[in-house]
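J.: model the following, please.
(one chain, ligands or ions: 1)
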Amino acid sequence: MSDERFSAEQVERYQAHLALPDIGHTGQQRLLDTSVLLVGVGGLGCSAAQYLTAAGVGKLGLLDDDSVDLSNLQRQILFSVDDLNGKKARVAAEALSGLNPDTELVSIVDRLTATNAVGLIKGWDLVIDGSDNFATRYVVNDACVLAGTTLVTGSIYQFEGQITVVCPPEGPCYRCIFPAPPAEQAPCHAAGVLASLPGVVGTILATEALKLAIGAESSLVGRLLLVDMLDTSFRSVHVTRDVECALCGNKPSISHPTAVALCRDETD
Ligand SMILES: [Zn+2]
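T.: Next up is the predicted model:
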């Protein structure tokens, strides 16, 4: 295939993708045509956003209503001391703005809730959930399943991370895997988290999104990847759709995003 659809600059910029048989010109064009919404611009979002932008995703939404705090700088690598108290969604877009002119960066200073989730997710090709609280995770899952939008979701805790891809009816949704949230969840700064862990997990989130964007199958549909950086291990468990699931089961009772009762709200 010729290079006609790409500028000389793009051919040079994406040389390493164009050389990959699984991406090439067709795959790179798919990346340029794909929009990805990042829910949460914390540790996971900061690392995922850098690779999505560098890779040439056409449009990247950065959704977060939180402001940069000094305690974030240990792991949220798009921010510096000059950004303290600035809105993460705006600061991240500014930090990424010099990376790739092909990526349209959209800052959304808002908090995703059961009420606004459908509207915020509408129109995006893929959603990555990098929030660090269960309340948001269930709502994002509900909105994506109801909209038929594929969701790449991840979480971190101390030295450990979990990643899966939700795209029912193929494979389970988040509610199938975790029918109920835990009673309490401490935020990262209280429970503790290794500085580089969100980099590891956020990069895997971006990787799955890039694979989905080029039309490759995600091997994390129906699989929950478990990362433990204390013993540097990766393992995965098979997870299946629950026919009784209130959201994606055979007789669903959830018809709009539904908040679960708990706890702290903080993206990380
Ligand atoms: Zn389900």
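J.: tell me the SS of Thr258?
T.: coil (DSSP: H, G, I helix; E, B strand; the rest coil).
J.: what's the neighbour count on it?
T.: By other CB atoms under 10 Å, the residues close to Thr258 number 16. Just so you know, the C-beta spots here come from the backbone N, C-alpha and C atoms, and that holds for glycine as well.
J.: thought it was touching Asn141?
T.: No - the pair Thr258 / Asn141 is not scored as a contact, 10.0 Å apart, by CB atoms under 8 Å.
J.: can you give me the distance of Leu105 to Ile77?
T.: From Leu105 over to Ile77 the distance is 17 Å, taken as CB to CB, to the nearest Å.
J.: actually, Asn100.
T.: 17 Å.
J.: one more: Val227?
T.: In terms of CB to CB, Val227 sits 18 Å off from Ile77.
J.: part of a helix, is Asp82?
T.: Yes - judged by three-state DSSP, Asp82 forms part of a helix.
J.: how about the nearest residue to Gly86 once chain neighbours are set aside, phi and psi?
T.: Nearest residue to Gly86, sequence neighbours excluded (CB to CB, 6 or more residues apart in numbering): Val68, at 5.3 Å. Backbone torsions of Val68, given as degrees, to the nearest 10, read phi -70, psi 130.
J.: surely Val68 is in contact with Ala89?
T.: No - Val68 is beyond contact range of Ala89, at 10.4 Å (criterion: CB under 8 Å).
J.: what residues does the chain put near the ion?
T.: Cys173, Arg175, Cys176, Cys245, Leu247, Cys248 (CB under 5 Å from the ion).
J.: how about 6 Å then?
T.: Within reach of the ion by CB under 6 Å from the ion, the chain has these residues: Pro172, Cys173, Arg175, Cys176, Asp242, Cys245, Leu247, Cys248.
J.: among these, who's most crowded?
T.: Ranking the residues of the chain next to the ion using other CB under 10 Å puts Cys173 first, with 27 neighbours.
J.: mind checking pLDDT for that residue?
T.: For Cys173, the model assigns a pLDDT of 97.
J.: so who does it touch?
T.: By CB atoms under 8 Å, 6 or more residues apart in numbering, the residues touching Cys173 are Asn141, Val145, Val166, Arg241, Cys245, Leu247, Cys248.
J.: which non-adjacent residue is nearest it?
T.: Cys248 (4.5 Å).
J.: got a list of what the one you found touches?
T.: Here Cys248 is in contact with Val145, Pro168, Pro169, Pro172, Cys173, Arg175, Cys176, Arg241, Asp242 (CB under 8 Å, 6+ apart).
J.: what about the second one, how many residues nearby?
T.: Using other CB under 10 Å, Pro168 has 21 neighbouring residues.
J.: can you check which helix is longest in this structure?
T.: Longest helix in the chain, counting residues (DSSP state H): helix 197-213.
J.: on that earlier part again, specify the local secondary structure of the residue nearest to Cys173.
T.: Going by three-state DSSP: Cys248 is coil.
J.: would you mind measuring from it to Gly56?
T.: 32 Å.
J.: helices along this structure, start to end?
T.: So, for the chain - with DSSP H - the helices run 8-13, 15-18, 24-32, 43-55, 88-96, 117-121, 134-147, 174-177, 188-191, 197-213.
J.: deepest-packed of the ones you listed, please.
T.: helix 43-55 (a mean of 26; mean count of other CB atoms under 10 Å).
J.: convert that helix to CSV, retaining C-alpha atoms only.
T.: Taking Å, rounded to 0.1, in the frame of the first residue of the first chain, the C-alpha atoms of helix 43-55 are listed here in CSV:
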residue,chain,number,x,y,z
GLY,A,43,-1.8,7.6,37.8
LEU,A,44,-3.4,5.2,35.3
GLY,A,45,-4.7,8.0,33.1
CYS,A,46,-1.4,9.9,33.0
SER,A,47,0.5,6.9,31.7
ALA,A,48,-2.2,5.6,29.3
ALA,A,49,-2.7,9.1,27.9
GLN,A,50,1.0,9.5,26.9
TYR,A,51,1.0,6.3,24.8
LEU,A,52,-2.4,6.8,23.3
THR,A,53,-1.3,10.3,22.1
ALA,A,54,2.1,9.1,21.0
ALA,A,55,0.5,6.3,19.0
